[in-house]
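[1] just a sequence and a predicted model for now, questions to come.
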Amino acid sequence: MQIQTTAAIIGGGVIGGGWAARFLLMGWDVRVYDPDPEAERKIGEVLAGARRALPMLYDVALPPEGNLTFHDTIADAVTGATWVQESVPERLPLKHKVLAEIIAHAPAGALVGSSTSGFKPSELQEGSKTPDRILVTHPFNPVYLLPLVELVGSSKSSPETFEKAQNLLTDIGFFPLRVEKEIDAHIADRFLEAVWREALWLIKDGIATTAQIDEAIRMGFGLRWAQMGLFETYRIAGGEAGMRHFIEQFGPALAWPWTKLMDVPDLDAALIDKIAAQSDAQSGHLSIRELERLRDDNLVALLRALRQQGSAAGAHLNHHEKIISQTLDNASPLETVARTVPVDWTDYNGHMNEGRYGQVFSDAADSVMRLVGADQTYIDAGLSYFTVETTIKYLAETHAGADIKVTTQVIEGAGKKLKLHHEMMGADGTLHATCTQMLIHVSLETRRSCPPRADVMEEVERLAATHGAKT
């Protein structure tokens, strides 16, 4: 991770605020310019949601939060910036004016990303003295949770610029999707526009309501798309014969007059009133902030499920966690876990389920294993430690969104035995739980106890002596 790096956010609406939150929570200093007198309050509300949700995705602590400042001019905001993100309204003359001012005042090496959902990079670069610095970096809301950023350049964009942008975006948790050829609305929004257009016709023609359309997506193909996208889903639909069979079987349906993708319904007052009324009936009982919190909690749970499977966006999160993980030092006691409690760890009583305490302490033991050399390579060689007994004491409630850390002491380390004592504390120092854990070294080939390898045994004995244990 880069240390004390600065991002400038030009335009602090929903998208700009999301960018600010993502950079800030990944340890960057953030400088914001937005002429809206309510910008600081609005970004504060976005940031509050991000502070709650983003840390839940990871099993490690995020970097220390950067500093957030607000500025009266673009020139002041871009001072010292490594990256400038433009998120002003979708009006090309306005974007040209803002981008020109950014280029005039930002450091020479700073890249400039635009959040535009529709304009091509060549359109944004028109008239610029340094077009290579300007790229499309189109995110998806909520920017602080969803990893996709469409990274688009023009013929004036150098490979070096792409590589620098891709590395930087990856470092803060994004999945930069390189779009090889310019096109209006890039890739993802073209799909969304097609679905949106068909949905408008279904409502206008009285076939479906907003609620029915949303149910069709979230109860069906939306779940498939989250894990496999479009083409892998249809490959499975082709059975053992695969994609070719699917196209041969269902391809002819494309010629049938099902959709109205070439026509746009007239968004007259009647249709707008109809959509607004149905939407109010569907979810008007919830405030926007309540809907955002529900959305974020659902996304965290879905993304964590994909993390566990190492699939789709979850695989990307696993990769990013390795980037932001901190190396365990040799302190006494060891800080073996530092993380935020995710929303999917709570039970019907509204606090962390007791099984998750076991997971936290298991993760703490895994940190010790890696420190002494009993890591994945050691396991692949056929040796490991097995837990044979734990005693957990639950001392205080722990809730979703709570920051916790675990300190661990090696209280016995001799021969085949390794005994650990863990303490789990909240951010305010409250002791939430303790665990005493006995582990025995085993051969994975015989599944029976055996002495550790000499170098591992030496590290275990050293830690035990450091922590005051009797070996």
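    Okay, I see it. Since the structure is predicted, the reported quantities are computational estimates derived from the model, not experimental observations.

[2] pLDDT below threshold where in the stretch 301-450 of the chain?
    For the stretch 301-450 of the chain, not a single residue meets the criterion pLDDT under 70.

[3] what are the ranges of the strands in it?
    Counting by DSSP state E, counting those that start in this stretch, the stretch 301-450 of the chain has these strands, from start to end: 334-340, 383-394, 403-414, 417-426, 431-443, 448-449.

[4] mean confidence score for the helix or strand hosting A199?
    Assessed by DSSP states H and E, A199 sits inside helix 188-204. Mean pLDDT, helix 188-204: 93.

[5] show residues contacting the next helix or strand after it.
    Counting by DSSP H and E, the next helix or strand C-terminal to helix 188-204 is helix 210-216. If you take CB atoms under 8 Å, 6 or more residues apart in numbering as the criterion, helix 210-216 is touched by A199, L202, I203, A208, I275, Q278, S279, A281, Q282. All C-beta spots, glycine's among them, are computed from the backbone N, C-alpha and C.

[6] quick one: buried residues of helix 210-216?
    Buried residues in helix 210-216, defined by neighbour count with 16 or more other CB atoms under 10 Å: T210, I213, D214.

[7] roughly how far apart are the second one and R224?
    Using CB to CB, to the nearest Å, one gets 17 Å for the distance from I213 to R224.

[8] restrict stretch 253-272 to CA atoms and write it as CSV.
    Coordinates of each C-alpha in stretch 253-272 appear next as CSV, following Å, rounded to 0.1, in the frame of the first residue of the first chain:
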residue,chain,number,x,y,z
ALA,A,253,-35.4,-16.9,-30.2
LEU,A,254,-33.4,-13.8,-30.9
ALA,A,255,-35.3,-13.3,-34.1
TRP,A,256,-38.6,-13.3,-32.3
PRO,A,257,-40.1,-9.9,-31.5
TRP,A,258,-39.9,-10.1,-27.8
THR,A,259,-38.0,-7.0,-26.8
LYS,A,260,-38.3,-3.4,-27.7
LEU,A,261,-34.7,-2.5,-27.4
MET,A,262,-34.7,-0.3,-30.6
ASP,A,263,-37.5,1.9,-29.3
VAL,A,264,-37.7,4.2,-26.3
PRO,A,265,-41.0,4.8,-24.6
ASP,A,266,-42.0,8.4,-24.3
LEU,A,267,-41.2,9.4,-20.8
ASP,A,268,-44.2,11.7,-20.5
ALA,A,269,-45.8,12.9,-17.3
ALA,A,270,-48.2,9.9,-17.2
LEU,A,271,-45.4,7.3,-17.3
ILE,A,272,-43.2,9.2,-14.9
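
[9] just to revisit the earlier point, can the buried residues of helix 210-216 go into JSON lines with extra columns for distance to A400 and pLDDT?
    Shown next, in JSON lines, are these (distance: CB to CB, whole Å; pLDDT from 0 to 100):
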{"residue": "T210", "distance to A400": "30", "pLDDT": "95"}
{"residue": "I213", "distance to A400": "31", "pLDDT": "95"}
{"residue": "D214", "distance to A400": "25", "pLDDT": "94"}
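
[10] go through those residues and name the one nearest G49.
    Within these, proximity to G49 (CB to CB) peaks at D214, which comes in at 21.2 Å.

[11] how close does the closest one get to L431?
    Distance, D214 to L431, using CB to CB: 45 Å.
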